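Enquirer: only geometry, no sequence info:
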């Protein structure tokens, strides 16, 4: 949002916006060694979270859960992206405490984007140790084993979107064109990907 950009520090970038069910917008302004969490409630100006537990880290992606009390991030730790889950606490005066972040899994390297599939599962773009390229995976927030999602070529996947009961969507670039891919059968983990839509950065409403 333009108003947030006016507050951006030199050299900083914002993560893609994330919305909770009440229409609140969340985004992290991040530099190489610091970050701040911006929150904009519907009809109100953006404010900084009173406490942000990853203020000394670079944040590559931020997604608030639909329950509004958890957040998933890709944070750079010792030069490598790491997926973590934290909690969101609301003070009586309306201020926010977003912290207590803990790693979810060490199975993926070089994670580039993530989304909440449902209450207990993330959809993540990343590279497992056996992979040469980034691919989509389902990652339980409990720390259980990740599972691959779909088969077939995806070009250069860049963004991922997910929602309960809906197909996972992949924003990818192939042969110089932006495309959105989904599985032919969304209820089958190993269904083939196909890319019928010329678009980029798919998203589901909160």
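Expert: Here it is on my side, so go on. Keep in mind it's a predicted model, so treat the numbers as computed, not measured.
Enquirer: next, name the residue at the spatial heart of this protein.
Expert: residue 114 (3.4 Å; Cα atoms, centre = their mean).
Enquirer: helix or strand for that residue, which one?
Expert: strand 108-118 (DSSP states H and E).
Enquirer: what's that strand in contact with?
Expert: 60-61, 63, 65-66, 72, 74, 80-83, 122-129, 134, 137-139, 146, 157-164, 168, 204 (Cβ atoms under 8 Å, 6 or more residues apart in numbering). All C-beta atoms are positioned from the backbone trio N, CA, C, and that covers glycine.
Enquirer: let me see the ranges of the helices in this structure.
Expert: 2-7 (DSSP state H).
Enquirer: give me the low-pLDDT residue ranges for it?
Expert: 1-10, 206 (pLDDT under 70).
Enquirer: phi and psi next, for residue 66.
Expert: Backbone geometry at residue 66, expressed as degrees, to the nearest 10, gives phi -70, psi -20.
Enquirer: can you report how many residues neighbour it?
Expert: Applying other Cβ atoms under 10 Å, we find 17 residues neighbouring residue 66.
Enquirer: list the contacts for it?
Expert: 20, 21, 116, 119, 164, 206.
Enquirer: next: residue 57.
Expert: 33, 34, 35, 75, 76, 77.
Enquirer: domain map for the chain?
Expert: 11-103, 119-205 (the TED database).
Enquirer: residue 100 is in contact with residue 53, correct?
Expert: Yes - taking Cβ atoms under 8 Å as the definition, residue 53 is a contact partner of residue 100 at 6.5 Å.
Enquirer: what touches both of those two?
Expert: residue 86.
Enquirer: neighbour count winner among those two?
Expert: For residue 53 and residue 100, the more surrounded residue by other Cβ under 10 Å is residue 53, and the numbers stand at 18 against 13.
Enquirer: nearest residue to that one other than its sequence neighbours?
Expert: Closest residue to residue 53 apart from its sequence neighbours, by Cβ to Cβ, 6 or more residues apart in numbering: residue 99 at 2.8 Å.
Enquirer: what does residue 138 give?
Expert: residue 147 (5.0 Å).
Enquirer: residue contacts, the one you found?
Expert: With Cβ under 8 Å, 6+ apart, residue 147 has these contacts: 137, 138, 189.
Enquirer: picking up where we left off before, can you redo the domains of the chain as a markdown table with distance to residue 110?
Expert: Listed next are those as a markdown table, based on distance: least, Cβ to Cβ, whole Å:
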| stretch | distance to residue 110 |
| --- | --- |
| domain 11-103 | 6 |
| domain 119-205 | 5 |
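Enquirer: neighbours of the residue nearest to residue 53, just the number please.
Expert: Around residue 99 there are 17 residues (other Cβ under 10 Å).
Enquirer: tell me which residues touch it, please.
Expert: 51, 52, 53, 54, 86, 87.
Enquirer: just residue 72 next, same as before
Expert: Residue 72 neighbours (Cβ under 8 Å, 6+ apart): 62, 63, 65, 83, 84, 85, 104, 114, 116, 122, 141.
Enquirer: neighbour-wise, which of the contacts of residue 99 leads?
Expert: Ranking the contacts of residue 99 using other Cβ under 10 Å puts residue 54 first, with 24 neighbours.
Enquirer: thought it was touching residue 33?
Expert: No - checked against Cβ under 8 Å, the pair residue 54 and residue 33 is beyond contact range at 11.2 Å.
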